[in-house]
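Novice: Need coordinates for the below:
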Amino acid sequence: MSQLNNEQLARLARRGIAANEYTGAAYICLTADGERYYTADDLARMAQPSAVERFKNWVAGVAA
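Specialist: Numbering: from 1, shown residues only. From the prediction side, this is the model:
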């Protein structure tokens, strides 16, 4: 996976990770701890919906 989609970026932002710039090998991200570098694969794993999010979506009838 090379780049993240808007849904993944929004989910990361809700978790306090602002992925600002894609350099081709990694994303430069702003977190509460400062600037960090993450690979797109790492961010994609971090952007997976949690069990609680999946349950809320199931209750609300929204496909996630």
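Novice: isn't Y22 right next to Q3, touching?
Specialist: Yes. Y22 is in contact with Q3 according to C-beta atoms under 8 Å; the separation is 5.9 Å. Heads up, the C-betas are built off the backbone N, CA and C, glycines and all.
Novice: list residues touching both of the two?
Specialist: Residues touching both Y22 and Q3 (C-beta atoms under 8 Å, 6 or more residues apart in numbering) are A40.
Novice: where in this structure is pLDDT low?
Specialist: Confidence mapping of the chain against pLDDT under 70 gives the ranges 1-2, 62-64.
Novice: where do the helices sit along it?
Specialist: For the chain, helices defined by DSSP state H occupy the ranges 6-14, 40-46, 51-60.
Novice: Let me have those in a markdown table, extended by mean neighbour count and distance to T31.
Specialist: Converted to a markdown table, the helices of the chain look like this (neighbours: other C-beta atoms under 10 Å; distance: least, C-beta to C-beta, whole Å):
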| stretch | mean neighbour count | distance to T31 |
| --- | --- | --- |
| helix 6-14 | 14 | 10 |
| helix 40-46 | 15 | 11 |
| helix 51-60 | 11 | 20 |
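Novice: want to throw the ones you listed into a markdown table with distance to A26?
Specialist: Rendered in a markdown table, the data for these read as follows (distance: least, C-beta to C-beta, whole Å):
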| stretch | distance to A26 |
| --- | --- |
| helix 6-14 | 14 |
| helix 40-46 | 8 |
| helix 51-60 | 26 |
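Novice: A19 is in contact with Y27, isn't it?
Specialist: Yes. A19 is within contact range of Y27, at 4.5 Å (criterion: C-beta under 8 Å).
Novice: what residues are shared contacts of these two?
Specialist: Joint contacts of A19 and Y27 (C-beta under 8 Å, 6+ apart) are 4, 38, 43.
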